[in-house]
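S.K.: need the 3D shape of this:
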Amino acid sequence: MACCQCLGVGEDTGRFVLLALAILLYLLGGAGVFSALEAPLELQVRERWAARLRTFSRTFNISQQELSGFLRSYEEAKVAGIRVDSSRVRWDFSGAFYFVGTVVSTIGFGMTTPATTAGKLFLIFYGLIGCAATILFFNLFLERVITVIAFVLKFCHERRHQRKVALPVNDHDRPGSDSHSMRWRDSLAGWKPSVYCVMAILGVAAILVSCCASAMYSAAEGWDYLDSLYFCFVAFSTIGFGDMVSSQREHYEDQVAYRLGNFLFILTGVCCIYSLFNVISIVIKQVLNWLLLQLEAPCLCPGQGNRRNVVVPGHLRARRDPSIETDAVNDSEGDGRRMSGEMISMRDFLAANKVNLAIMQKQLSEMANGHHPLHQLASSSCNNGFSGGIGALGIMNNRLAETSGDR
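M.R.: Okay, the predicted model is just below:
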C-alpha cells in the first residue's frame with residue numbers, strides 16, 4: 001500500500017493500526033450512547049436509595065454509621081452467594097459444576113466466586129488449562145461448521161448449476177458427453193462459499209437457538225422475553241455480566257430437565273456465537289482492506305506519482321521505453337500511458353519484479369521436486385490480506401471465497 005509505504009510501515013501494520021483506531025472510536029461512541037441512556041436512571045436510583053436510608057434510620061432510630069456497617073456485612077455475604085430470597089446451595093457438586101463451566105467457557109457470571117485462598121490459587125491453574133482447552137474446542141467446532149456449511153452450499157450450487165445448463169446444439173455438447181462434463185467440472189473447480197452466505201446461516205442458527213432458549217428461560221425463571229434474549233446474548237457471547245443468571249433458584253419444576261436444557265443451550269449458543277463472531281471478523285477485515293485501498297488512492301508520495309499500473313514503480317513509468325507488444329511509443333499521450341494500454345517494457349517489468357520472479361522460480365523448483373503445493377496456497381492468499389493467521393482466522397483461511405487467493 002502506498003500510504004503505508006509513506007509512513008514506513010507494512011500493510012499488516014497499517015491494517016492493525018486502522019483496526020485499533022476503529023475500535024477506539026467504537027468504544028468512544030458506545031460510551032457516549034450508554035452514558036446518555038443509563039446515567040439519568042442511575043441518578044434517580046441513587047436519590048431514591050439515599051431517601052430510603054434516611055427514612056429507615058429515622059423510623060427505627062438507627063444511626064447512619066450502624067446502618068452502613070450492617071449493609072457492608074450484607075455485601076460480604078452476597079459475595080459468598082447469600083441472597084435475601086432462598087437460593088440454591090452454591091458449592092454442592094451441581095453448583096460447582098455450573099461454576100467451572102462458566103470458568104472454562106470464559107463467561108464468568110460472578111454469582112459464585114471462590115472465597116478461600118486455596119480455591120483462588122486452584123482457580124488460576126485450573127482456568128489456565130481449562131480456558132485453553134475450551135478455545136481449542138471452539139476452534140475445532142468452527143472448523144467442522146465451516147466444512148459442513150461449505151459442503152451443503154456447494155451441493156446446492158451444483159444442483160442450481162445443473163438446472164441452469166442450456167440445451168446443447170450438437171451431440172458433443174449434450175449433457176453426459178465428455179466435453180460437457182469436463183466444462184461442468186471446470187466451472188465448479190475451486191468454488192468456495194461466500195463469507196456472507198456463511199455469516200447469514202450462522203446468524204440464523206444463533207437467532208433460532210437464542211429464541212428457543214429465551215422461551216425456556218421465560219417459562220422457568222419468570223423473566224420477560226426481552227430480558228431472556230438479553231441474557232442469552234450476554235451468556236452466549238461470554239460477556240457474563242452476572243446481573244441475570246439462570247438456574248439459581250432452589251427449586252424448579254422439572255429441575256433435572258431444566259438444568260440439562262440450560263447446559264445444552266449455553267453450550268450450543270456459545271459455539272454458534274463464537275463461530276458467528278469469527279466470520280464477522282472476516283467481513284471487518286474486508287472493510288479494513290477496502291479502507292486501505294481508499295487511503296492509497298489520494299496518497300501522492302514523493303517519487304511515486306499517480307501510478308496506474310501497480311506492477312511498475314512511479315519512477316519507471318516516466319521512462320519512454322518500447323513496450324513488449326509494440327516497438328513504438330504513442331507520442332500523443334500526455335499522461336505517460338502507452339499505446340498498448342498498461343504494457344511496460346521487459347526491462348522495467350524485470351526490474352520491478354525481481355523478487356516475484358525469484359519466488360516463482362523457487363515454487364517451480366519445488367513443484368518439479370514433488371514438494372507439497374501448500375506453499376503456493378499460502379503465498380497466493382497474501383494478495384488479499386488474509387494470509388496466514390492463527391486460531392479461527394487460520395482455520396477459515398482459504399476455506400471461504402473472500403479469503404482465497406484464487407477467487
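S.K.: where along the protein do the helices fall?
M.R.: 2-6, 11-59, 64-79, 93-104, 117-164, 178-188, 195-221, 225-236, 255-296, 314-317, 346-352, 354-368, 374-380, 391-396 (DSSP state H).
S.K.: tabulate those helices (CSV), appending mean neighbour count and mean pLDDT.
M.R.: All C-beta spots, glycine's among them, are computed from the backbone N, C-alpha and C. Putting these into CSV (neighbours: other CB atoms under 10 Å; pLDDT from 0 to 100) gives the following:
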stretch, mean neighbour count, mean pLDDT
helix 2-6, 17, 60
helix 11-59, 11, 92
helix 64-79, 11, 85
helix 93-104, 16, 91
helix 117-164, 13, 90
helix 178-188, 12, 61
helix 195-221, 18, 95
helix 225-236, 19, 96
helix 255-296, 17, 91
helix 314-317, 17, 44
helix 346-352, 15, 53
helix 354-368, 11, 51
helix 374-380, 14, 44
helix 391-396, 18, 65
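S.K.: which one, of those, ends up nearest to M111?
M.R.: helix 93-104 (8.5 Å; CB to CB).
S.K.: contacting residues around the closest one?
M.R.: 88-90, 107-109, 112, 123, 126-127, 130-131, 133-134, 240, 247, 259, 263, 266 (CB atoms under 8 Å, 6 or more residues apart in numbering).
S.K.: give me the angle between that helix and helix 255-296.
M.R.: Helix 93-104 runs at 10 degrees relative to helix 255-296, counting by axes from the mean of the first three to the mean of the last three CA atoms, to 10 degrees.
S.K.: alpha carbons of helix 93-104, as PDB, please.
M.R.: Extracted in PDB, the C-alpha atoms of helix 93-104 (Å, rounded to 0.1, in the frame of the first residue of the first chain):
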ATOM      1  CA  PHE A  93     -21.400 -30.800  43.200                       C
ATOM      2  CA  SER A  94     -24.000 -29.500  40.800                       C
ATOM      3  CA  GLY A  95     -23.300 -25.900  41.800                       C
ATOM      4  CA  ALA A  96     -19.600 -26.400  41.500                       C
ATOM      5  CA  PHE A  97     -20.000 -28.000  38.100                       C
ATOM      6  CA  TYR A  98     -22.000 -24.900  36.900                       C
ATOM      7  CA  PHE A  99     -19.300 -22.700  38.200                       C
ATOM      8  CA  VAL A 100     -16.400 -24.500  36.500                       C
ATOM      9  CA  GLY A 101     -18.500 -24.400  33.300                       C
ATOM     10  CA  THR A 102     -18.700 -20.600  33.500                       C
ATOM     11  CA  VAL A 103     -14.900 -20.500  34.100                       C
ATOM     12  CA  VAL A 104     -13.700 -22.600  31.200                       C
END
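S.K.: that one versus helix 225-236: what angle between them?
M.R.: If you take the same axes, to 10 degrees, helix 93-104 sits at 70 degrees to helix 225-236.
S.K.: quick one, helix 93-104 and helix 117-164 angle?
M.R.: 70 degrees.
S.K.: correct me, but S194 touches L400?
M.R.: Yes - assessed by CB atoms under 8 Å, S194 is found in contact with L400 at 6.9 Å.
S.K.: comparing these two, which shows the higher neighbour count?
M.R.: L400 (23 against 13; other CB atoms under 10 Å).
S.K.: nearest spatial neighbour of the more buried one, chain-adjacent residues omitted?
M.R.: Nearest residue to L400 in three dimensions, chain neighbours excluded: V195, at 4.5 Å (CB to CB, 6 or more residues apart in numbering).
S.K.: repeat that for M199.
M.R.: Using CB to CB, 6+ apart and skipping residues adjacent in sequence, the residue nearest M199 is V279, 4.7 Å away.
S.K.: swap in R15?
M.R.: L288 (5.1 Å).
S.K.: contacting residues around that neighbour?
M.R.: For L288, the contact set (CB under 8 Å, 6+ apart) comprises 15, 18-19, 22, 385.
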